[in-house]
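Engineer: sequence first, then the predicted structure:
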Amino acid sequence: MTDAREAIPDTADASNVSESGGPVPLLDPREGIPPVVADADAFAEIVTRFAAGTGPVAIDAERASGYRYGQRAYLVQLRREGAGSTLIDPVGCPDLSALGEALADTEWVLHAATQDLPCLAELGMRPTTLFDTELAGRIAGFPRVGLGPMVESVLGLTLEKGHSAVDWSTRPLPEPWLRYAALDVEVLVDLRDALEAELAAQGKLDWALQEFAAIAAAPPAPPRVDPWRRTSGVHKIRRRRQLAAVRELWQLRDKVARERDVSPGRILSDAAIISAATAMPVGATALQALAGFGPRVHRRALEQWMTAIDAARVIPEQQLPPATAPHDGPPPPRSWSDKDPVAAARLAAARAAVSALAESLNLPQENLVSPEAVRRVCWTPPAAPTPEAIAAALSGLGARAWQVELVSPVIARAFTESRANVQPRTGDSGTAG
């Protein structure tokens, strides 16, 4: 890897070294903490100011994960050359579409863009082009890609990260939190410029640009199927009626959390849901004896949770949820050796080949190609698994051109080698190799 610090702009160059030789703490925004924009008039001024700015715009958003229901933004931070920085309160300004339109032709610079884009879209802000500094760091091979570590390793500055998990729905927001929020976009464009130079030096810039374009063009994620199956510890549940209890408790918790605008985990923990579904208690007294339903839980709340358990108890057998989530892809890889040993051999060989290629390119395997795409191609390979046929299959699964070009030949070669080493068992009815 070339030294990314060679590409650091003048605003964040080698002078960012303390007298002790370590990185320099970034303590205050250059122009001070900007006032929080919370009304229509102030917002209109921001739209005019940022529309007149130049170059990319750094954008970040703060949510109240763990405190409030959903993932809405409670603070939006922006910085652009010629416009300075701003902090916008989405509670007072819930429609930011005018700002989104003013920045429609501007490159957005975000860190971990896929985390912030959904809540920004809710406010009417959607980018047409973007640069994701976290993803750029991954492709460039940096071992730590959080914003703080990236700013430190690339720009020689340290960011204070102590307020990342606070309740951003708090009003008024304390000054230290606002300082932290403003600093998150203070050097984001500087980081972007340095990473662009680093990627270009490694010959990876086009790869990153293809990834950024895919993120910007991606449609909103569809609603999850059976989201209750993501309850932590649900893998411990073996019986379908117990699964029904997990579902009923999860759905009731979600309803209550939405109505109260509180994080579901603050209403009832996942561990409590699993405990109740496992025990299937009869009556509020038995429920209160379980972990998560102790003496602090009000009797009325206990009776509320019992309605969910009782509802699961009387569901007809044919209406109970299936033991595994419905899916249209291949089965779990752990079952491949029994279902189709030839496919299992293909998968093992392809994984090893992709892993070796990723290591040689100094980037994470999952960024080289989606593991799900590899599984699907291995389970249902082309009739003639040539590099061209595998390239077409990967493209159909959403792989970008750079990924297809690099990965298709090594997967084709892995398929050939696996076929030579493993023969299907007599009577196997799995997919043909």
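Structural biologist: Arrived safely, thanks for sending.
Engineer: the closest residue to Gly162 other than its chain neighbours: what's it in contact with?
Structural biologist: By the measure of C-beta to C-beta, 6 or more residues apart in numbering, the closest residue to Gly162 outside its immediate chain neighbours is Tyr180, 7.3 Å from it. Glycine gets a C-beta too; all of them are placed from N, C-alpha and C. When contacts are counted by C-beta atoms under 8 Å, 6 or more residues apart in numbering, Tyr180 touches 160-164.
Engineer: Tyr180 sits in which helix or strand?
Structural biologist: According to DSSP states H and E, Tyr180 maps onto helix 175-184.
Engineer: pLDDT of that helix, averaged?
Structural biologist: Averaging pLDDT along helix 175-184 gives 96.
Engineer: average pLDDT across the helix or strand following that helix?
Structural biologist: Next helix or strand after helix 175-184 toward the C-terminus (DSSP H and E): helix 188-202. Per-residue pLDDT over helix 188-202 has a mean of 98.
Engineer: now helix 188-202, how far from the chain's geometric center?
Structural biologist: 22 Å (C-alpha atoms, centre = their mean, to the nearest Å).
Engineer: elements contacting it?
Structural biologist: Here helix 188-202 touches strand 54-63, strand 73-81, strand 107-110, strand 129-132, helix 133-140, helix 205-217, going by 3 or more C-beta pairs under 8 Å, 6 or more residues apart in numbering; DSSP states H and E.
Engineer: dump those into JSON lines; add mean pLDDT, distance to Glu196 and mean neighbour count as well.
Structural biologist: Conversion of the helices and strands packed on helix 188-202 to JSON lines gives the following (pLDDT from 0 to 100; distance: least, C-beta to C-beta, whole Å; neighbours: other C-beta atoms under 10 Å):
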{"stretch": "strand 54-63", "mean pLDDT": "98", "distance to Glu196": "10", "mean neighbour count": "22"}
{"stretch": "strand 73-81", "mean pLDDT": "98", "distance to Glu196": "16", "mean neighbour count": "23"}
{"stretch": "strand 107-110", "mean pLDDT": "98", "distance to Glu196": "10", "mean neighbour count": "24"}
{"stretch": "strand 129-132", "mean pLDDT": "98", "distance to Glu196": "7", "mean neighbour count": "22"}
{"stretch": "helix 133-140", "mean pLDDT": "98", "distance to Glu196": "7", "mean neighbour count": "24"}
{"stretch": "helix 205-217", "mean pLDDT": "98", "distance to Glu196": "7", "mean neighbour count": "17"}
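Engineer: now for Phe415, how many residues are close by?
Structural biologist: As a burial measure, Phe415 scores 25 neighbours (other C-beta atoms under 10 Å).
Engineer: from Ala352, how far out is it?
Structural biologist: Phe415 sits 12 Å away from Ala352, going by C-beta to C-beta, to the nearest Å.
Engineer: then Pro149?
Structural biologist: On the measure of C-beta to C-beta, Pro149 and Ala352 end up 30 Å apart.
Engineer: next one: Ala194
Structural biologist: Taken as C-beta to C-beta, the span from Ala194 to Ala352 is 34 Å.
Engineer: out of the two, which sits in the busier spot?
Structural biologist: Applying other C-beta under 10 Å to Ala194 and Ala352 shows that Ala194 carries more neighbours, namely 26 against 14.
Engineer: do I have it right that the more buried one meets Leu155?
Structural biologist: Yes: assessed by C-beta atoms under 8 Å, Ala194 is found in contact with Leu155 at 6.6 Å.
Engineer: so what's the residue count around the residue lying closest to Leu123 once chain neighbours are set aside?
Structural biologist: Once flanking residues are discounted, Leu123 sits nearest to Leu96: 4.2 Å by C-beta to C-beta, 6+ apart. Using other C-beta under 10 Å, Leu96 has 24 neighbouring residues.
Engineer: what's Leu96 in contact with, if anything?
Structural biologist: If you count contacts by C-beta under 8 Å, 6+ apart, Leu96 has them with 43, 76, 88, 90, 120, 123-125.
Engineer: any idea how this protein splits into domains?
Structural biologist: 4-217, 227-319, 333-421 (automatic domain parsing).
Engineer: got the end-to-end distance for the last one?
Structural biologist: For domain 333-421, the first and last residues are 19 Å from each other (C-alpha to C-alpha, to the nearest Å).
Engineer: coming back round to it: restrict the helix holding Tyr180 to CA atoms and write it as CSV.
Structural biologist: Output of helix 175-184 as CSV, limited to C-alpha atoms (Å, rounded to 0.1, in the frame of the first residue of the first chain):
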residue,chain,number,x,y,z
GLU,A,175,-23.1,21.6,23.4
PRO,A,176,-20.5,18.8,23.6
TRP,A,177,-22.7,16.6,21.4
LEU,A,178,-23.1,19.4,18.9
ARG,A,179,-19.3,19.9,18.8
TYR,A,180,-18.9,16.1,18.2
ALA,A,181,-21.5,16.2,15.4
ALA,A,182,-19.9,19.1,13.7
LEU,A,183,-16.5,17.5,13.8
ASP,A,184,-17.8,14.4,12.1
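Engineer: many thanks, we can stop here.
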